[in-house]
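Novice: Whatever this is, show me its structure:
(one chain, ligands or ions: 1)
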Amino acid sequence: VTDVAVIGAGSSGLAVLKALREHGIEARCFERGSHVGGLWRYGNDSGMSSAYASLRTNVSRERMAYPSLPMPASYGDFPHHTDMAAYMDAYAEAFGLRDRIDLNTTIERVEPDPPGWRVTRDDGETTRHRGVVVAVGHDWAPRLPDDPGSFDGHAIHSHDYRTPEPYEGRRVLVVGAGPSAAEIAVEVATVARATTMSIRRGAHVIPRHVKGRAYDSGDVSPWNRLPWRLLNAGFAALLDDDRGPVPPAWPQPPWRLLENVPIPSSDLLPAVRDGAIAIRPAIERLNGASVRFADGSEEPFDAIVYATGYEMRFPFMAPGVLEPRGRELPLLRRIVPPNAENLFLAGFVDAPGGLLPIVELQGEWIAAVLTGGLRLPQGARPGRQERRTRRRFPSDGPDSIRCDPHAYRRLLRRDLRRARLPRTV
Ligand SMILES: Cc1cc2nc3c(=O)[nH]c(=O)nc-3n(C[C@H](O)[C@H](O)[C@H](O)COP(=O)(O)OP(=O)(O)OC[C@H]3O[C@@H](n4cnc5c(N)ncnc54)[C@H](O)[C@@H]3O)c2cc1C
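Specialist: Purely as a prediction, here's the structure:
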């Protein structure tokens, strides 16, 4: 019997495992694939990685790294997935996590077994634990739109996209306006006969380098405390010379620059400007070999790549414990599900900015709860910190996993600081 089971050895599971170990909590991690690293292991034999061959982080190296292990400068400003996978290996090695991880082990069932949890592996073995940490990632189960009609050509979700070669000489439609849609459209356009993006809502596009530095080099906590309008206006002013004019075809969204999810890409707007990528509105209907768009236009396509995001799924979890709706999941501090003692989620945060600094802090927070040092804030109102998240994601509900990374970290740090205060009762 191990005190705590951690499910998944991607960047989140590794960070929690480290924290638990450092706080003297006996933990065992179960990983479906034959390597650590999750998404960052290209072609992961877990079948769950959505990485494509050219994938680099969209957050710069210094903001992406775990605070406890700097990334080598040789990774460049935006590390490639091969660097990220090497970094995950180095992290597991540096903090002695290897012998705590059972690779090639899929968790098939997690059930309440008061006062703890019962965990069943794919080899049928069952173990009991005081606590369970679910760190299985939220970017592996494709979310596909429910467009009317049907398409005769080749259609995939970006989860299954790897390289542009299969699209050589073809007419390709990329659906979506997130970072993956932009990157896939840009590289497909280098080989395709014609490339079109279908975009329901616009998105701000930020070049990867601004004034010769990574675009997010100023995305550090003290600046993040500036009034929201000022922060957005300041960044927009900085950007103007470097971005060049936004082509009229690109739909500019009505929200501020840093609101929702901007696309960090130096290549997208030039490709639209050059005519290498055409822009169309939302799909209205799939008509066999062609697609009709919301503006009434209709065009033939050979292939569609749906870069339409992911849904959260927990196929192993007992019914009623974790029930996400889209990108919403009711969790205290984006970690603890209601009415489930000693069950924690790690990495269920969608924040513009690196996830790794966040999950190290989540690990500390979980360890503090499990050692009894931190009592769960009961009915606590997150207050000021969450107001920044609300402004950044104005159309997201209160249970959204999207959040402002600085505000969220401040919230977890505040809990940890308070936990160290002497108990008064
Ligand atoms: C294309 C793309 C690009 C991205 N780029 C960035 C970026 O630049 N910066 C950033 O911060 N974030 C980025 N993200 C978000 C990304 O999902 C996270 O940063 C990171 O992968 C999350 O790590 P994780 O450990 O939570 O999940 P994952 O990396 O998905 O790891 C989860 C692990 O759990 C294992 N697992 C799942 N189910 C089970 C089970 N039942 N039993 C045992 N093991 C299981 C999986 O095999 C996997 O190893 C990107 C996402 C996508 C899709």
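
Novice: Which secondary structure element is home to the residue nearest to Arg98 when sequence neighbours are not counted?
Specialist: Nearest residue to Arg98 in three dimensions, chain neighbours excluded: Ala92, at 5.5 Å (CB to CB, 6 or more residues apart in numbering). For the C-beta atoms, the positions are set from N, CA and C on the backbone; glycine is no exception. Following DSSP states H and E, one finds Ala92 within helix 81-94.

Novice: what's the answer for Ser150, then?
Specialist: Element membership for Ser150, per DSSP H and E: strand 149-151.

Novice: Tell me the helices and strands packed up against that strand.
Specialist: Secondary-structure packing of strand 149-151 (3 or more CB pairs under 8 Å, 6 or more residues apart in numbering; DSSP states H and E): strand 283-288.

Novice: Next up, the contacts around the residue in the stretch 301-425 of the chain that the ligand sits nearest to.
Specialist: Closest contact between the stretch 301-425 of the chain and the ligand, by CB to the nearest ligand atom, is at Gly347 (2.8 Å). Counting by CB atoms under 8 Å, 6 or more residues apart in numbering, Gly347 touches Gly8, Gly10, Ser11, Ser12, Gly13, Ala135, Gly137, His138, Leu355, Val359, Gln362.

Novice: got it, and Gly397?
Specialist: With CB under 8 Å, 6+ apart, Gly397 has these contacts: Glu328.

Novice: quick thing: my sequence starts at 633, can you match it?
Specialist: In the new numbering, first residue 633, that becomes Gly1029.

Novice: returning to what we had before: test my guess that the residue nearest to Arg730 contacts Val668.
Specialist: Yes. Ala724 is in contact with Val668 according to CB atoms under 8 Å; the separation is 5.1 Å.

Novice: Looking at those two now, which is surrounded by more residues?
Specialist: Val668 (27 against 22; other CB atoms under 10 Å).

Novice: What separation do you get for the residue nearest the centre of the chain and Met720?
Specialist: Nearest to the geometric centre of the chain sits Asp982, at 4.9 Å (CA atoms, centre = their mean). Using CB to CB, to the nearest Å, we find Asp982 at a distance of 20 Å from Met720.

Novice: quick one: Val751 and Val638 touch, right?
Specialist: No. Assessed by CB under 8 Å, Val751 is found out of contact with Val638, at 10.4 Å.

Novice: got any residues that touch both of those two?
Specialist: Common neighbours of Val751 and Val638, using CB under 8 Å, 6+ apart, are Phe662, Val764.

Novice: Compare the two (neighbour count), which wins?
Specialist: Using other CB under 10 Å, the more surrounded residue of Val751 and Val638 is Val638, with 32 against 23.

Novice: Note down every partner strand of the host helix or strand of the more buried one and its orientation.
Specialist: Here Val638, judged by DSSP H and E, is contained in strand 636-639. Here strand 636-639 has these sheet partners by DSSP bridges: strand 659-662 (parallel), strand 763-766 (parallel).

Novice: next helix or strand past it?
Specialist: Past strand 636-639, the next helix or strand by DSSP H and E is helix 643-654.

Novice: Using PDB, write out every CA atom in that next one.
Specialist: Written as PDB, here are the backbone C-alpha positions of helix 643-654 (Å, rounded to 0.1, in the frame of the first residue of the first chain):
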ATOM      1  CA  SER A 643       4.900  17.500 -16.700                       C
ATOM      2  CA  SER A 644       2.100  17.800 -14.100                       C
ATOM      3  CA  GLY A 645       2.500  14.300 -12.600                       C
ATOM      4  CA  LEU A 646       6.300  14.700 -12.300                       C
ATOM      5  CA  ALA A 647       6.000  18.000 -10.500                       C
ATOM      6  CA  VAL A 648       3.500  16.600  -8.000                       C
ATOM      7  CA  LEU A 649       5.600  13.500  -7.500                       C
ATOM      8  CA  LYS A 650       8.600  15.600  -6.700                       C
ATOM      9  CA  ALA A 651       6.700  17.800  -4.200                       C
ATOM     10  CA  LEU A 652       5.200  14.800  -2.400                       C
ATOM     11  CA  ARG A 653       8.600  13.100  -2.100                       C
ATOM     12  CA  GLU A 654      10.200  16.300  -0.800                       C
END
